[in-house]
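Q: Sequence and computational prediction follow.
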Amino acid sequence: MCIRDRGLPQKERTMKLFILYESAAGYGLFEKEEVEEIAVELPKLQASLSSMEHFSKMVKLKAFQPFLTSEKALENMKAVADSHATEDLIQFLETNLPKTAKKSKKELEVRLGIGDPKLGTEITDKLSILLIGNEFVEELLRGIRLHFTKFLKEFQPTDLVKAQLGLAHSYSRSQVQYDPNRQDKPIIQAIAVIDQLDKDINTFSMRIKEWFAWHFPELNQIIQDNAIFAKVVNVIESRDKVVPEIKDQLVEATKDEDVAQQIIEAAKNSMGQDVTEADKDMLKKLSGRLINMLKYREEMQSYLKERLQVVTPNMASLIGENVGARLISHAGGLINLAKLPASTIQILGAEKALFRALKTKSNTPKYGLIYHSTYIGKAAAQNKGRISRSLANKLAMAARIDAFSIKDTARFGDSFKGQIEERMKFFNNGPKPKKNADVMAEVLKELREEGLYIDQTSEEKRVAVPAEEVAEVMAEEKPVAKKPKAKAVEPIAEDKGEEENMEQQFVIFTINQHLSLIHI
């Protein structure tokens, strides 16, 4: 009121709008010529998007900072994809955004238009600048993206396409190689091949049995095993060739001298019809193909076992190769499986039954893929749900250890396996099983005695690991902001002891994750 009475001039308020555009070639900062009401200017902007002549009158290029190397481009691309503002981006904005002088007669209000709200939040925290992210800014970004190469006189449209293609390849390669030490993708493919081979082997076995039964029906009653049946068909080709002279070959195929003698005796009085030479050739080829498939299936099973011993030794020790591989495949990877709670792992693979039960308000399933584990098969009917819940609890811990430990060991999986066996005895009036925290402490004690566990309170155990390795791990450690503890979700389980033990021991494990598992 006093200022108005003195007649002093008031500061004029003007607003400038800048648009941040991230491209494969670099960062661009564009300035809107005149900022009017959005409701008035939006239709005009949409009408002028297709024409560079009209669009250039509304927007002009303020500054452009190219990426000098492909490594720099990839680094900034990853940061932008994760909604993170790099030092290059902050420095670029600080250098090119105008600053208002305090003694200026005009009050300049600078606003930055941006497409990603999360990225804008980080920029605001570092630069204290007002952000805009509305439909008007999105239309401006559309126009800039359409005419970007025309704003840069040094760039040709083909240059931008090459930059985009090269960056896309680098980014995809980096995403694929994100975690080279966790080769869970071959495991997913291997178990899929094994499942497909099982289906094909069953189909081929059924066809060859039905086909050969028209010629030698008695053989189906003597031999039940598909692999042995295929080997016998490949040896004899037809019942006319079943003579005592080939008994040694039949013994080699059946691994049983009595069965070989039964085949010879049955061929003498067979009721089957005769077959042509063409039928014999096709049957021999079909049996040979089936034998090769069986052999390849064994090789694939051995490969899967070796891979799981390297990638997930604790899960392989706890539940076996096939079930462990199916869990990884169903979850989409080891990291995804490690993120799942025990209650989800328990019914993983039974999603249809779960949603059907929720829809009909009936009982929910007690197990999914883990039903094929030997523990659930051995358990009594009234204890299957309890064993599946306990097994899922141990699987959740084993998956997290396998996924996040620096080097692998099967000690934890062996200990978890012993816990499951103790719990099965406990259900049959046996002694009470150990708690998860106690079992984890015992395993860590064994590792400490062998010099594989580093305790922060023990200087003697620190000497077991070279100082250079400790320094590298400590250098990679970054402070993590504390988050409020989320309220635990009530599991489907009947008793809560296993879930509480799991939470307690896993907190202990994750606190010392990097230091304690340097040599594991």
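A: Now that the structure is in, tell me what you want to look at.

Q: burial measure for K295, as a count.
A: 11 (other CB atoms under 10 Å). Where you see a C-beta, it was placed from the backbone N, CA and C, and this is true even at glycine.

Q: residues of whichever strand or helix holds it that come out buried?
A: According to DSSP states H and E, K295 maps onto helix 277-311. For helix 277-311, the neighbour count (16 or more other CB atoms under 10 Å) marks 279, 283-284, 286-287, 290-291, 293-294, 297, 300-301, 304, 307-308, 311 as buried.

Q: of all those residues, which comes closest to G166?
A: Distance to G166 across the buried residues of helix 277-311 (CB to CB) is lowest for V311, with 32.0 Å.

Q: quick revisit: show me what the helix holding K295 is packed against.
A: Under the contact criterion of 3 or more CB pairs under 8 Å, 6 or more residues apart in numbering; DSSP states H and E, helix 277-311 touches helix 185-213, helix 226-236, helix 313-319, helix 321-331.

Q: Return the most buried member of those helices.
A: helix 313-319 (a mean of 26; mean count of other CB atoms under 10 Å).

Q: Distance of N220 relative to N76?
A: From N220 across to N76, the span is 68 Å (CB to CB, to the nearest Å).

Q: hang on, L131 is in a strand, isn't it?
A: Yes - under DSSP: H, G, I helix; E, B strand; the rest coil, L131 falls within a strand.

Q: give me phi/psi at S50?
A: Backbone torsions of S50, given as degrees, to the nearest 10, read phi -70, psi -20.

Q: In TSV, list the helices and strands packed on helix 277-311 along with mean pLDDT and distance to I347.
A: Listed next are those as TSV, based on pLDDT from 0 to 100; distance: least, CB to CB, whole Å:
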stretch	mean pLDDT	distance to I347
helix 185-213	93	19
helix 226-236	91	32
helix 313-319	92	15
helix 321-331	93	11
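
Q: Need those helices in TSV (columns: distance to I19).
A: Shown next, in TSV, are the helices and strands packed on helix 277-311 (distance: least, CB to CB, whole Å):
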stretch	distance to I19
helix 185-213	40
helix 226-236	68
helix 313-319	50
helix 321-331	41
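
Q: just for the chain, where's the confidence low?
A: 1-14, 33-41, 100-108, 176-182, 407, 451-520 (pLDDT under 70).

Q: most centrally placed residue in it?
A: Centroid check for the chain by CA atoms, centre = their mean gives G333 as the closest residue, at 3.2 Å.

Q: quick one, helices of the stretch 351-500 of the chain?
A: In the stretch 351-500 of the chain, the helices defined using DSSP state H, counting those that start in this stretch lie at 351-360, 374-378, 384-404, 411-427, 436-449, 459-462, 467-476, 497-511.

Q: measure the closest residue to G28 other than its chain neighbours to D116 for me?
A: Spatial nearest neighbour of G28, chain neighbours left out: Y21 (4.3 Å); criterion: CB to CB, 6 or more residues apart in numbering. Separation of Y21 from D116 (CB to CB): 12 Å.

Q: Compare neighbour counts for those two and give me the winner.
A: Neighbour count, other CB under 10 Å: between Y21 and D116, Y21 has more, with 20 against 15.

Q: got the phi/psi numbers for that one?
A: Residue torsions, per degrees, to the nearest 10, at Y21 are phi -130, psi 120.

Q: Help me confirm that it comes into contact with E31.
A: No - using CB atoms under 8 Å, Y21 makes no contact with E31, being 11.7 Å away.

Q: Would you map the strands across the stretch 51-200 of the chain?
A: In the stretch 51-200 of the chain, the strands defined using DSSP state E, counting those that start in this stretch lie at 59-66, 106-113, 130-132.

Q: Compare N220 and N76 and say which one has the larger neighbour count.
A: N76 (23 against 13).

Q: residue contacts, the more buried one?
A: 22, 27, 67, 86, 88-89 (CB atoms under 8 Å, 6 or more residues apart in numbering).

Q: Neighbours of the residue nearest to I335 when sequence neighbours are not counted, how many?
A: Spatial nearest neighbour of I335, excluding adjacent residues (CB to CB, 6+ apart): A403 at 5.5 Å. Neighbours of A403 under the rule other CB under 10 Å: 20.

Q: I'd like the distance between A403 and S128.
A: Counting by CB to CB - A403 and S128 are separated by 40 Å.

Q: just I236 next, same as before
A: As judged by CB to CB, I236 and S128 stand 88 Å apart.

Q: cool, E321 as well?
A: E321 is 56 Å from S128, by CB to CB.

Q: same question, F18
A: Counting by CB to CB - F18 and S128 are separated by 15 Å.

Q: likewise G320?
A: From G320 to S128 the distance is 57 Å (CB to CB).

Q: More neighbours: the two, which one.
A: With neighbours defined as other CB under 10 Å, G320 and S128 compare such that G320 has more, 15 against 7.

Q: list the contacts for that one?
A: 373-374 are the contacts of G320 under CB under 8 Å, 6+ apart.

Q: same check, this time on L358
A: L358 makes contact with T364, according to CB under 8 Å, 6+ apart.

Q: Check I144 too.
A: Contacts for I144 (CB under 8 Å, 6+ apart) come out as 19, 21, 28, 30, 59, 151.

Q: Give me the buried subset of these.
A: Counted by 16+ other CB under 10 Å, the contacts of I144 give 19, 21, 28, 30, 59, 151 as buried.

Q: Could you look up the SS state of the third one?
A: Think G28. Classified using three-state DSSP, G28 is strand.

Q: For it, give me its contacts.
A: Here G28 is in contact with 20-22, 61, 63-65, 144, 148, 151 (CB under 8 Å, 6+ apart).

Q: of the contacts of I144, closest to P431?
A: The closest of the contacts of I144, once distances to P431 are taken by CB to CB, is Y21, at 68.3 Å.

Q: Can you give me the distance of that closest one to L119?
A: 12 Å.

Q: How much space separates E218 from T254?
A: 14 Å.

Q: who has more neighbours, these two?
A: Using other CB under 10 Å, the more surrounded residue of E218 and T254 is T254, with 21 against 18.

Q: OK, contacts around the more buried one?
A: Taking CB under 8 Å, 6+ apart, one finds 223, 228, 231-232, 260, 263 in contact with T254.

Q: and if we set it to 10 Å?
A: With contacts defined as CB atoms under 10 Å, 6 or more residues apart in numbering, T254 is in contact with 222-223, 225, 228-229, 231-232, 235, 260, 262-263.

Q: What distance do you get for G272 to G368?
A: Distance, G272 to G368, using CB to CB: 45 Å.

Q: So between these two, which is more surrounded?
A: Neighbours per residue, other CB under 10 Å: of G272 and G368, the larger number sits with G368, 22 against 16.

Q: Quick check: phi and psi at that one.
A: phi -120, psi -110.

Q: how near is it to A25?
A: Counting by CB to CB, the separation of G368 from A25 is 49 Å.

Q: Repeat that for I114.
A: In terms of CB to CB, I114 sits 18 Å off from A25.

Q: Tell me how many other residues crowd S23.
A: Neighbours around S23, by other CB under 10 Å: 21.

Q: Grab the nearest non-local neighbour of it.
A: Closest to S23 by CB to CB, 6+ apart is F148, at 6.3 Å.

Q: Fine, thanks again, bye for now.
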